[in-house]
Structure formats: structure tokens, C-alpha cells
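Peer 1: the following block contains a protein sequence and its predicted model.
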Amino acid sequence: MQWNKVYHGDCDKILPQLENEGIVFDLILTDPPYNLNKDFGNATDQLSLEEFLSTTRVRLSICRNLLSNNGSIIWFGIHHYIGYIQVMMYELGLYYRRMNIWHYENGFSRSKKSPATQYEPFLWFSKSNAHWVYNADDVRVPYKSSSRLKTPVYYSGKDGARKAWQPNPNGSLRGDIWSFPTLAGKRFAKEKTDHPTQKPEALITELIKAYCPKNAEGKYEGTILDPFHGSGTLGVCCEKLNRQGHNIKWIGIELEEKWCNIANQRLSSVLNPD
């Protein structure tokens, strides 16, 4: 297998091949079909509940084996089924780190019989319960008020002495709500493809920055796998970071040739901007 490449094929066949070759990944970051009858050009999103769960368990089992010792898995889902997937990860011996939320306010509601959907959950589990990667300072968010930087917080230490906490100039620590708009409207016309569940580059880039290992020089230098590569956002984000001096190795797997072609077109525009 070669790095930094989109593989056209069935991940249920390619994942065991990666395992047999002894390839491991520091991060598996993926957005699989949610089983909501979306049209990806095939029937992978139209399974019975029993088949969806059994197929997901097999995939997760192999993904666990593909993780490096300090590796993590970020798995997007939907509120309908995310509880099943969380239990599977526990049962497979992975270690729960957090249920995160991708929050957006520009989603489209098709029904007045239930609240409008404004979020999608994604699970973070690690291979080890002692060591994992989370680059907290790389994904800080701006304070809600600019005056926050000017105002230290005073508190009493264990010895009773008055101490001051100074706000970090790079912002506050990120919480588990990741707010990024969907790719709707003219604002994202250049980024949006025909893929029905394409994630924003801004969100995926931030996740890479949070969970990808870094070298001694502070550059991202890990291995990342996306078994459901879709329109290629993971690869595009990795290559944009690599053009900034990082050294991320990644592999994307996609079943449909249409999406592979779109992914490669997007990659070409990054690698050959002129």
C-alpha cells in the first residue's frame, strides 16, 4: 500500500489487507454511512438494523487492530445509532475518551414533527488507557469577549496565598462542542461537491490538528486512515497541512469511482495550484 493516496475499493476487503500487511495508524478519522438511506451510488446506507450493526462491529474490530499503541479513532455517527456504536467500542476493548458534538445552525429541517437537527455526534476512543494524543493548545478557541485577556482571575492556593490565573493569549481550551457551519449557500460554493454528506474542511482540519501526533519540531507527523473517504476531504486537509511544512501520511478508501474521481480532482488542485 502507498501513502497519501485514494484507493478505489471496498473497505471491507481493503481493511483486512492493511491488517495483514502490518500497517498501523495513529488516527482513524472517518465519517461512515449513517444508514439513513442516503444515495451514495450504492446500497451501503440502506441496510437492515441487524446488518448495519453486524457490519459496523466487524469494521470496528479491524480498525482497533489497525491502531498504533497510542492511536485514536474518531467515528462520526447519528443520534439514531451512536449508542450502539459506543457500546461496541467498549466491548472491543477500546477506551472511551469523549462523545463530541459537531454543532451547526444552518442545517435544513424537513419536518415540523420534531426539532430541527443541529448536530452530529462523533466518538473518540483510544487504543491505550494510559497514552493518547490530544493537542489541546493547537485547537484553542477565541474567548467570547476580547476583554477576557485583560482580566486575570484571582484565587486562593492550597497554602492560602492569593494567586492569579492569566488567560491564554491563544484563547480558551476547546470544549466538546465543535461549531462549524455545514457547506450550505454561496459561501461554500467552491468547496461543496455533489457528495450528500460532505464534511467541512474547517472541521476536519481542526480534528487532524487535535489528534495527529507531532514531531520534536512541532510539526504534524502521523499516519491517518479514512475508510470512507467520500469526496476526499480528509486527504485534501492533510495535503493542505503538508504544504505548510507538516508530514502527514494518509490513506483514503472509497467504494464509488465517482467520489474517488472528485477526491483526486480536489487533491490535484491542492498539489498543483497553478
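Peer 2: Everything's here; your move.
Peer 1: pLDDT at Phe108, what is it?
Peer 2: Predicted confidence (pLDDT) for Phe108: 65.
Peer 1: quick one: low-confidence parts of the stretch 51-200 of the chain?
Peer 2: Applying pLDDT under 70 to the stretch 51-200 of the chain flags the ranges 107-109, 147-149.
Peer 1: any idea where the helices of it begin and end?
Peer 2: According to DSSP state H, counting those that start in this stretch, the stretch 51-200 of the chain carries its helices in the segments 82-91.
Peer 1: hmm, Trp102 and Leu203 touching each other?
Peer 2: Yes - using C-beta atoms under 8 Å, Leu203 makes contact with Trp102 at a distance of 6.3 Å. The way it works is simple: take the backbone N, C-alpha and C, and place the C-beta from them, glycine included.
Peer 1: now do the shared contacts for these two.
Peer 2: The contact sets of Leu203 and Trp102 overlap at 178, 180 (C-beta atoms under 8 Å, 6 or more residues apart in numbering).
Peer 1: find the nearest non-adjacent residue to the spatially most central residue of the chain, please.
Peer 2: The centroid of the chain falls nearest to Leu29 when counting by C-alpha atoms, centre = their mean (4.4 Å). Leaving aside its chain neighbours, Leu29 sits nearest to Ile74 (4.5 Å; criterion: C-beta to C-beta, 6 or more residues apart in numbering).
Peer 1: that older thread, quick one: mean pLDDT over the helix or strand in which the residue nearest to the centre of the chain is found.
Peer 2: Using DSSP states H and E, Leu29 sits within strand 25-30. In this model, strand 25-30 has a mean pLDDT of 98.
Peer 1: okay, now the sheet partners of that strand, with direction.
Peer 2: strand 67-76 (parallel), strand 223-226 (parallel) (DSSP bridges).
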